[in-house]
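Q: Any chance you can model this:
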Amino acid sequence: MEQILTLLQSAVVFGTVIMFGCVGETISEKGGNLNLGVPGIMYLGGIASLAGAYGYENGVSNPNGIVALIIAFICAFAASVLGGLIYSFLTITLRANQNVTGLTLTIFGSGVANFFGGSLNKMAGGVGQISVPVTSGMYRTGIPGISGIGFMVYVSIAVAIAAHIFLSRTRKGLNLRAVGENPATADAAGINITRYKYFATCIGAGISGMGGLYYVMDYIKGTWANDGSIENLGWLAVALVIFTMWKPVNAIWGAYVFGVLYWLYYYVPGLGRSSQELFKMIPYVVTIIVLVVVSLRKKKENQAPQSLGLPYFREQR
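A: Residues are numbered from 1 along each chain as shown. The predicted structure follows:
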């Protein structure tokens, strides 16, 4: 029983990271933008939060926890939105290939993050020496009277619900979905295609970046690890978008299912190294199965937006 509870707790913490990435990417894709730069954006959010927190905690003699939390959040969100803005300019304004641009953004984000992460480690006295205990402690603080899980877990659930309500219950959300399905028709109806695409991509990137913030401040407790883990989680977040059938509210349970499947190998005795790696493939295999089943059933509400990944040329309307 204790092992099951530990597995579930690990799944919740793990799932929170990819839930942010999934919800952010879902919003972007609902606007027709396939942003494969989610891992890079999560990198940018993680390193920006760490750099902001490190600068603040080492710049004052008695750092305030609330101020440190706000600084880390603002830095992470701003850096992530900037990543989304770069992607938007290249793919929406310049109409560059979305797949290539997204992959390039991932490489760019990981390079920038690991460069500054290495620099921060040197400033702190060596690899593994960097620490922002005040900021990390604030992000790992649970809600009194509920549980010992960090409050960002509940924030991720609230964001998923809010995204669901926005996309299905508000006028702007319905306009955004129209842009993703058929931008020519939406344009003819007077909807500003460029504005909605920029909005969806930048806000989606900002939400995805919260996954990087949570990973750095809670998952690895306020330090920097140059091991590629954020990139792996970023790709899991992209896979989760398909698994949830482009519905943000499904990310709540889908992320935790991914967490259980990912960490299941740790609780199965007698597994060798190769068997562990096979177990880590399970979330991706499940995603492929879901994609095949959804494609065969051909229900429109469970399909990707019709114009996903396609540039919009108003002249060809």
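Q: Spell out, range by range, the strands that occur in this structure.
A: Under the criterion DSSP state E, strands are not mapped anywhere in the chain.
Q: what about it, any weak spots by pLDDT?
A: 1, 126-128, 144-148, 269-275, 297, 315-317 (pLDDT under 70).
Q: so where do the helices sit in it?
A: 2-30, 38-57, 65-88, 98-124, 133-139, 152-169, 171-181, 183-188, 193-214, 229-243, 250-263, 273-280, 282-297 (DSSP state H).
Q: Can you tell me which of the ones you listed is most buried?
A: Among those, ranked by average contacts under mean count of other CB atoms under 10 Å, first place goes to helix 38-57 (a mean of 29). Any C-beta I mention is one placed from the backbone N, CA and C, and that applies to glycine too.
Q: which other helices and strands contact that helix?
A: With contacts defined as 3 or more CB pairs under 8 Å, 6 or more residues apart in numbering; DSSP states H and E, the packing partners of helix 38-57 are helix 2-30, helix 65-88, helix 98-124, helix 133-139, helix 193-214, helix 229-243.
Q: Next, the angle from the second one to helix 152-169.
A: With axes from the mean of the first three to the mean of the last three CA atoms, to 10 degrees as the criterion, the two stretches helix 65-88 and helix 152-169 enclose an angle of 40 degrees.
Q: go on, the last one?
A: Relative orientation of helix 229-243 and helix 152-169, computed by the same axes, to 10 degrees: 40 degrees.
Q: from the chain's centre, how far out does helix 229-243 sit?
A: 8 Å (CA atoms, centre = their mean, to the nearest Å).
Q: Excluding residues flanking it in the chain, which one is nearest A11?
A: Excluding the flanking residues, the one nearest A11 by CB to CB, 6 or more residues apart in numbering is G259, at 3.1 Å.
Q: no no, T244
A: Nearest non-adjacent residue to T244 (CB to CB, 6+ apart): N250, at 3.6 Å.
Q: Reformat the helices of the chain as a markdown table; add distance to T223.
A: A markdown table is the format used below for those (distance: least, CB to CB, whole Å):
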| stretch | distance to T223 |
| --- | --- |
| helix 2-30 | 15 |
| helix 38-57 | 8 |
| helix 65-88 | 13 |
| helix 98-124 | 9 |
| helix 133-139 | 8 |
| helix 152-169 | 17 |
| helix 171-181 | 37 |
| helix 183-188 | 43 |
| helix 193-214 | 14 |
| helix 229-243 | 12 |
| helix 250-263 | 21 |
| helix 273-280 | 23 |
| helix 282-297 | 26 |
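Q: so which of these gets nearest Q303?
A: helix 282-297 (6.9 Å; CB to CB).
Q: Against which helices or strands is the closest one packed?
A: So helix 282-297, by 3+ CB pairs under 8 Å, 6+ apart, packs with helix 229-243, helix 250-263.
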